[in-house]
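Asker: I'll drop the sequence and a predicted model, then ask my questions.
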Amino acid sequence: MASIDLPEPMEWSSVSRERWAERVAADLGVEDADAALARTASSGVRTRVLYTESEGGPALPENLRPRRGWKACETFDVSLERVSSVVREAVLEGLASVRLAGDVDALDPEEFTAVLSALGATKIDRPQIVLRPTGTPGRVLDVVDGVAVEFFGGFDPVRNVLADGRGRFDGAAVAQEELALLGHWKASGQTGRALEVDGSYLREAGANAVDELAFLLAAATERLRGAARAGIGARAWLRQTAVRVGVGRDLFDEIAKLRAIRLVFAKLCQSAADGDCGLVAPVVHAVGLVRELAPVDRASNALRTSSHAFAGAVGGAHTIELAPFERGSRIGERLARTTHSVLAHEAHLARVDDPAGGSWYVEALTDGIARAAWDRFRAIERAGGLASWIESGALASLLEERRSALAAAVNAGTHTIVGVTEYPPPPGTESEGTASRSTAASPRSSVGASGWPLVEGLCEADLLEPEPAARTAEARS
């Protein structure tokens with residue numbers, strides 16, 4: 001066999017950042033290449049188009065880095081008929097974490113045992129149950145084996161007022177309720193976290209990633225004050241609290257936000273406990289935003305939920321919940337569950353710790369979101385804390401501002417919705433849909449007896465449907 005002469009290896013000369021900037025500026029005909037190509041992320045954080053090692057943000061501390069793997073989660077209403085059968089079917093399709101919403105103590109004991117049995121059939125080590133109770137869960141704690149099943153509480157009194165419209169926010173009463181729950185949790189031998197701080201419903205109502213993180217910090221601080229008055233130490237309270245967040249369409253923004261949660265909650269823990277808390281990463285439950293699922297060209301929503309799952313996995317969420325691409329669709333439910341399995345077992349996203357670590361851009365965006373959220377949180381504190389800030393109307397104004405900006409961007413053509421504003425399906429196709437709404441006005445939150453806005457109406461609203469693509473294009477021209 002004749003020998004083959006291989007070419008000499010190519011040598012690449014290094015290019016300084018200054019030289020790159022000069023060349024790009026000359027090609028674009030601008031003075032400042034960075035300024036011309038900079039982008040403002042959906043969180044409001046300004047980012048460059050190119051980062052060098054010295055310009056990237058600091059890496060996450062080792063004990064705050066996301067660890068490989070996550071658990072597929074889904075929410076089930078406990079009032080659903082034969083809920084255990086539904087759970088069993090979901091488990092067979094890859095589910096490893098169940099979120100039970102409603103009065104779990106009203107659930108029939110046999111039915112609850114059947115739910116536990118269904119979860120026990122999963123191949124995942126220590127499947128999870130996450131509660132979203134209407135009150136403090138009592139009886140159900142006593143029948144759960146904490147070794148076989150990891151049990152999380154979903155108690156969030158702020159969400160009870162803002163999202164569910166149940167009662168008033170009474171800090172003193174809340175503190176006593178949390179004290180009783182923590183005592184029962186300890187007596188039952190549960191190792192999962194009893195409490196939750198939820199910001200996902202605000203994302204559904206229009207808040208961005210920085211808004212959500214600032215709100216989470218302010219809500220945690222408001223409850224920490226009550227906990228201190230009830231005799232619960234900050235360290236104990238924070239170590240018993242999980243975080244629930246929404247995951248949206250901006251892939252890198254959401255990855256960076258999920259990583260930033262670890263930084264800001266570690267900082268809050270250190271501040272509240274006078275440094276005696278340790279850098280412990282919070283348990284994060286991530287849920288894909290329903291409001292981003294367009295009412296037309298519903299098949300495209302499957303790709304959006306895949307993006308939600310990817311961001312949650314790379315960002316380090318412990319559990320990820322996806323919405324079906326179409327409400328009430330059996331195929332949509334199965335696809336939402338099997339998306340996790342494809343990403344974990346075929347794309348191998350569950351095999352790497354902190355996949356985004358080392359990306360100078362993502363590290364910089366993580367740092368930027370964390371700093372912006374902390375600054376906004378401090379502004380809420382200067383306004384008197386979360387309760388005073390909400391009662392002043394600031395939250396309602398913020399949500400209305402965000403939704404109005406979205407409506408304006410959609411109608412101006414700067415916010416693209418594939419299948420709606422761009423690349424719509426052919427008329428008459430099944431995926432075209434029949435929903436019809438206007439962007440002329442966005443729904444407003446009502447005000448409850450507590451003086452706090454009820455954001456439930458905003459959370460339930462779908463993504464605003466803009467004008468059809470043809471008319472939008474004509475308007476821009």
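Answerer: Everything's here; your move. Numbering: from 1, shown residues only.
Asker: can you map out the helices along the stretch 251-400 of the chain?
Answerer: Listed in chain order, the helices of the stretch 251-400 of the chain (DSSP state H, counting those that start in this stretch) span 251-272, 301-315, 330-341, 360-382, 386-391, 394-412.
Asker: For the fifth one, output the C-alpha coordinates as CSV.
Answerer: As requested, C-alpha coordinates have been extracted for helix 386-391 and formatted as CSV (Å, rounded to 0.1, in the frame of the first residue of the first chain):
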residue,chain,number,x,y,z
LEU,A,386,-42.1,42.8,50.5
ALA,A,387,-45.4,43.4,52.2
SER,A,388,-45.1,47.2,52.1
TRP,A,389,-43.7,47.1,48.5
ILE,A,390,-46.7,45.0,47.3
GLU,A,391,-49.3,47.1,49.2
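Asker: buried ones in it?
Answerer: Within helix 386-391, the residues that count as buried by 16 or more other CB atoms under 10 Å are 386, 387, 389, 390, 391. In short, each C-beta sits where N, CA and C put it, glycine included.
Asker: go on, the longest one?
Answerer: Applying a neighbour-count criterion of 16+ other CB under 10 Å, one finds 360-374, 376-377, 380-381 buried in helix 360-382.
Asker: quick one: contacts of that helix?
Answerer: 41, 43-48, 51-53, 55-60, 209-211, 213-215, 217-218, 221, 252-253, 255-257, 259-260, 263-264, 267, 356-357, 386, 389 (CB atoms under 8 Å, 6 or more residues apart in numbering).
Asker: Dump the helices of the stretch 251-400 of the chain into JSON lines; add mean pLDDT and distance to residue 427 as well.
Answerer: Shown next, in JSON lines, are those (pLDDT from 0 to 100; distance: least, CB to CB, whole Å):
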{"stretch": "helix 251-272", "mean pLDDT": "92", "distance to residue 427": "31"}
{"stretch": "helix 301-315", "mean pLDDT": "94", "distance to residue 427": "19"}
{"stretch": "helix 330-341", "mean pLDDT": "93", "distance to residue 427": "23"}
{"stretch": "helix 360-382", "mean pLDDT": "95", "distance to residue 427": "40"}
{"stretch": "helix 386-391", "mean pLDDT": "92", "distance to residue 427": "45"}
{"stretch": "helix 394-412", "mean pLDDT": "89", "distance to residue 427": "21"}
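Asker: closest one to residue 168 among these?
Answerer: helix 386-391 (10.5 Å; CB to CB).
Asker: what's the closest one packed up against?
Answerer: helix 209-229 (3 or more CB pairs under 8 Å, 6 or more residues apart in numbering; DSSP states H and E).
Asker: Got the domain ranges for this protein?
Answerer: 62-368, 395-476 (automatic domain parsing).
Asker: Among those domains, which comes closest to residue 12?
Answerer: domain 62-368 (19.1 Å).
Asker: Pick out the residue nearest the middle of the protein.
Answerer: residue 246 (2.5 Å; CA atoms, centre = their mean).
Asker: ranking the domains of the chain by mean pLDDT, which is last?
Answerer: Looking at these, the lowest mean pLDDT belongs to domain 395-476 (a mean of 61).
Asker: Now the residue nearest to residue 301 when sequence neighbours are not counted, what are its backbone angles?
Answerer: Closest residue to residue 301 apart from its sequence neighbours, by CB to CB, 6 or more residues apart in numbering: residue 325 at 3.7 Å. Backbone torsions of residue 325, given as degrees, to the nearest 10, read phi -70, psi -20.
Asker: One more: the one 4 residues further on?
Answerer: According to degrees, to the nearest 10, the main-chain angles of residue 329 amount to phi -90, psi 120.
Asker: where does it sit relative to residue 84, distance-wise?
Answerer: Distance from residue 329 to residue 84, counting by CB to CB, to the nearest Å: 22 Å.
Asker: cool, residue 73 as well?
Answerer: From residue 73 across to residue 84, the span is 17 Å (CB to CB).
Asker: quick one, which of those two is more surrounded?
Answerer: residue 73 (25 against 21; other CB atoms under 10 Å).
Asker: if I've got this straight, the more buried one is in a strand?
Answerer: Yes. Remark: residue 73 belongs to a strand, assigned using DSSP: H, G, I helix; E, B strand; the rest coil.
Asker: Beta-bridge partners for it, please?
Answerer: Taking DSSP bridges as the rule, residue 73 bridges to residue 97, residue 321.
Asker: does it really touch residue 288, like I thought?
Answerer: No. Applying CB atoms under 8 Å as the test, residue 73 and residue 288 come out as separate, 10.5 Å apart.
Asker: any common contacting residues for those two?
Answerer: 320, 321.
Asker: Leaving out sequence neighbours, find the closest residue to residue 69.
Answerer: Closest to residue 69 by CB to CB, 6+ apart is residue 350, at 4.4 Å.
Asker: who are the neighbours in contact with that neighbour?
Answerer: Contacts of residue 350 by CB under 8 Å, 6+ apart are 68, 69, 70, 313, 343, 344.
Asker: Give me the buried subset of those residues.
Answerer: So, by 16+ other CB under 10 Å, the buried ones in these are 69, 70, 313, 343, 344.
Asker: Pipe these into a markdown table and attach distance to residue 100 per row.
Answerer: As requested, these are exported to a markdown table (distance: CB to CB, whole Å):
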| residue | distance to residue 100 |
| --- | --- |
| 69 | 23 |
| 70 | 19 |
| 313 | 24 |
| 343 | 25 |
| 344 | 24 |
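Asker: any chance you could map the strands in the chain?
Answerer: Ranges of strands in the chain, per DSSP state E, are 39-40, 46-47, 71-77, 97-101, 128-132, 150-152, 195-198, 241-247, 284-288, 319-321, 446-447, 453-454.
Asker: buried stuff in the third one?
Answerer: Within strand 71-77, the residues that qualify as buried by neighbour count (16+ other CB under 10 Å) are 71, 72, 73, 74, 76.
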